[in-house]
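# output the structure for:
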Amino acid sequence: MAACSPYIETHRDRFLNELIDLLRIPSISADPAYAGDVVRCAEAVAQQLTAAGAENVEIIPTEGFPVVYGEKMVSEHAPTVLVYGHYDVQPAVPLELWDSPAFEPVIKKTDLHPEGAIFARGACDDKGQVFMHVKALEAMVQSDALHCNIKFMIEGEEEVGSAHLEPFLEAHRDKLAADIVLVSDTGIIANDVPSITVGLRGLSYVEVEVTGPNRDLHSGLYGGAAPNPINILCEMIASLKNEDQRILVEGFYEDVVELSAAERKAMAEAPFDEAEYKRSIDIGAVEGEEGYSAPERMSIRPTLDVNGIWGGYTGDGAKTVIASKASAKISMRLVPNQDPEKITELFTRHFNAIAPPSVKVKITPMHGGQPAVTPTDSIAYQAASAAMEATFGRKPVPFRGGGSIPIVASFEQILGLKTVLMGFGLDSDAIHSPNEHYGVFNYFKGIETIPLFHEHFARLSAKS
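Below is the predicted model of the structure:
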């Protein structure tokens, strides 16, 4: 039994209730109406860090929302782990698709979560996962089982691109000095198949606007002659891929690193049940780039997706108009060697080129991030692997994730630090969607595993 296990078990109910209290705060960074709640959440995180035993806890202002910092230093000879996470969350809309209110957490049992899952916005992404580290710190302090120096950097703008975090890293290099970054904003393959994420895709995110006539027009009087921006936008978007789902933006693939047959074979050893995948999201078939499996399409291949599209009349009843404008938000997930600024430039050039002369096009870059690959031969990875093997009873599988955490590349570029991505969520947790949830099993499995990571990392660092 791990040294912290008795303490964790004794305080299990409190650990759960304190997370539920944090989830009640609607810390939506994308919506200015919730700015006060985002700050309130930062204050709550700082209070929890202090209560857990962290010292020198600060709420440090940025040009946007603040960063919460805290530390627990045990010895100048011990290795230092920088824990990163975020307290902001995605918007909860559409609210009507939630089975229970997004910021009124409830615990419900499901087929995948017989012990129950916490349903709330931010339950998995990322409050539940970052809070595991806070509670693990408390357990280590109270059990006299703290083997590493620990620093916390918990930000409030991850869901809007972390625009102010790189300047924060530059300004606080000394404060953030460490040996490794530990992040739990990722997941595992399944509760009985632990995994460690060893790669993340980058991101280029843009908003496009197509403008035709100078006002909305009567579709009877003008239809057939005046350009229809909604029709045109749809046609332009449809032309971005061919029938094999290959992206047609000129130059899009020129920097893509192709994995070898051996690497793809190793990836294929990770279990993937296509029938269960289709059932879980209620689809009739998978689709994507020809020549690649579904897991490969979701991890080692770049993508282009429309995330939102709007224009014209969408209210009740009928209103026969040709809209003046139509807009869409488009995200492109990128793989190693693809640069988000270059991809944004290529997309902008291509989208302007395919616009007919009847409309004007405006393209606004929103945010982006570099792809990242983390090493599997480091002592930090070995420590994470040993910790997960101890708590899950099975050696974790190295796994490339499909999501993006742009700050991972910044940690390496600015602080010179590699990152270990040791998360505990599941793909089925509906992050960014209605009914987001996080398994009670997963929450406590994280709290149990994190102290073992620190123990193994300290031991392996002493040997190196």
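# contacts, neighbours, all on C-alpha from now
Fine.
# which residues touch the closest residue to H218 other than its chain neighbours?
Spatially, and ignoring its direct neighbours in sequence, H218 is nearest to V321 (4.8 Å; C-alpha to C-alpha, 6 or more residues apart in numbering). V321 is in contact with D216, L217, H218, S219, G312, Y313, counting by C-alpha atoms under 8 Å, 6 or more residues apart in numbering.
# next step: these restricted to strands.
L217, H218 (DSSP state E).
# and the contacts of V321 as a markdown table, adding pLDDT?
A markdown table is the format used below for the contacts of V321 (pLDDT from 0 to 100):
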| residue | pLDDT |
| --- | --- |
| D216 | 96 |
| L217 | 96 |
| H218 | 96 |
| S219 | 96 |
| G312 | 96 |
| Y313 | 94 |
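# what residue in this structure is the furthest from its centre?
L221 (47.7 Å; C-alpha atoms, centre = their mean).
# what sits up against the one helix or strand that residue maps to?
Here L221 sits within helix 219-222, counting by DSSP states H and E. By C-alpha under 8 Å, 6+ apart, the surrounding residues in contact with helix 219-222 are T320, V321, I322.
# state the pLDDT value of S260.
At S260, the pLDDT value in this model is 88.
# and the contacts of helix 219-222 as a markdown table, adding pLDDT?
Converted to a markdown table, these look like this (pLDDT from 0 to 100):
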| residue | pLDDT |
| --- | --- |
| T320 | 95 |
| V321 | 95 |
| I322 | 97 |
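# for the residues you listed, which one is nearest I232?
I322 (11.5 Å; C-alpha to C-alpha).
# beta partners of the closest one?
Taking DSSP bridges as the rule, I322 bridges to L217.
# so who does it touch?
D216, L217, H218, S219, Y222, G223, N228, P229, G312.
# how many residues are close by the first one?
The local packing count at D216 equals 16, with neighbours defined by other C-alpha atoms under 10 Å.
# hmm, it is touching A326, no?
No - contact between D216 and A326 fails when scored by C-alpha atoms under 8 Å: they sit 11.0 Å apart.
# what do those two both touch?
G312.
# output the contacting helices and strands for the longest helix along the chain.
Longest helix in the chain, counting residues (DSSP state H): helix 440-463. Packing contacts for helix 440-463, counted by 3 or more C-alpha pairs under 8 Å, 6 or more residues apart in numbering; DSSP states H and E, involve helix 5-10, strand 117-119, helix 127-142, helix 379-392.
# check which element follows the longest one along the chain.
The element immediately downstream of helix 127-142 (helix or strand, assigned by DSSP H and E) is strand 149-155.
# helices or strands up against that following strand?
strand 67-72, strand 80-86.
# who wins for proximity to E170 among the ones you listed?
strand 67-72 (13.7 Å).
# quick one: distance of the closest one to the chain centre.
21 Å (C-alpha atoms, centre = their mean, to the nearest Å).
# V57: what's its closest spatial neighbour, skipping adjacent residues?
In space, V57 is closest to G70, 4.1 Å off (C-alpha to C-alpha, 6+ apart).
# oh sorry, the question was meant for K445
Using C-alpha to C-alpha, 6+ apart, the closest residue to K445 is T391 (7.2 Å).
# OK, contacts around the one you found?
K445, E448, T449.
# can you list the residues you listed in JSON lines and add neighbour count and pLDDT?
Shown next, in JSON lines, are those (neighbours: other C-alpha atoms under 10 Å; pLDDT from 0 to 100):
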{"residue": "K445", "neighbour count": "17", "pLDDT": "98"}
{"residue": "E448", "neighbour count": "26", "pLDDT": "98"}
{"residue": "T449", "neighbour count": "26", "pLDDT": "98"}
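# adding distance to E96, write these out as TSV.
Shown next, in TSV, are the contacts of T391 (distance: C-alpha to C-alpha, whole Å):
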residue	distance to E96
K445	32
E448	36
T449	36
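# which one of the helices and strands packed on helix 440-463 lies nearest to E43?
Using C-alpha to C-alpha, the nearest of the helices and strands packed on helix 440-463 to E43 is helix 127-142, at 13.7 Å.
# so which bits of that closest one are buried?
127-141 (16 or more other C-alpha atoms under 10 Å).
# outside of it, which residues touch it?
4, 7-8, 15, 19, 22-23, 48-49, 51-54, 83-88, 122-123, 146, 184-185, 423-425, 438, 443-444, 446-448, 450-451.
# what about 7 Å?
The contact list for helix 127-142 (C-alpha atoms under 7 Å, 6 or more residues apart in numbering) reads 4, 7-8, 15, 19, 49, 52-53, 85-87, 122, 146, 184-185, 443, 446-447, 450-451.
# by contact count, what packs against the helix or strand following the helix holding L221?
Sequence-wise, the next helix or strand downstream of helix 219-222 (DSSP H and E) is helix 229-238. Helix 229-238 sits against strand 202-211, strand 325-334, with contacts defined as 3 or more C-alpha pairs under 7 Å, 6 or more residues apart in numbering; DSSP states H and E.
# beta partners for F152?
G70, V83.
# thought Y69 was touching it, still the case?
Yes - using C-alpha atoms under 7 Å, F152 is in contact with Y69, at 5.3 Å.
# that older thread, just the buried subset of the contacts of V321, please.
Buried among those (16+ other C-alpha under 10 Å): D216, L217, S219, G312.
# distance of the third one from S324?
Same thing as S219. 11 Å (C-alpha to C-alpha, to the nearest Å).
# check the second one too.
With distances defined as C-alpha to C-alpha, the gap from L217 to S324 amounts to 7 Å.
# now the last one
Relative to S324, G312 is positioned 8 Å away (C-alpha to C-alpha).
# and D282, by the same measure?
Taking C-alpha to C-alpha, one finds D282 at 36 Å from S324.
# neighbour count: the two, which is higher?
S324 (20 against 9).
# check contacts around that one.
T211, G212, P213, N214, R215, D216, P229.
# now list the buried members of those.
Using 16+ other C-alpha under 10 Å, the buried members of these are T211, G212, P213, D216, P229.
# tabulate these (a markdown table), appending distance to F272.
Shown next, in a markdown table, are those (distance: C-alpha to C-alpha, whole Å):
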| residue | distance to F272 |
| --- | --- |
| T211 | 44 |
| G212 | 46 |
| P213 | 49 |
| D216 | 49 |
| P229 | 41 |
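# quick check, nearest of those to G368?
T211 (25.2 Å).
# and E96, how many neighbours?
10.
# check F252 too.
18.
# I'm done for today, thanks for sticking with me.
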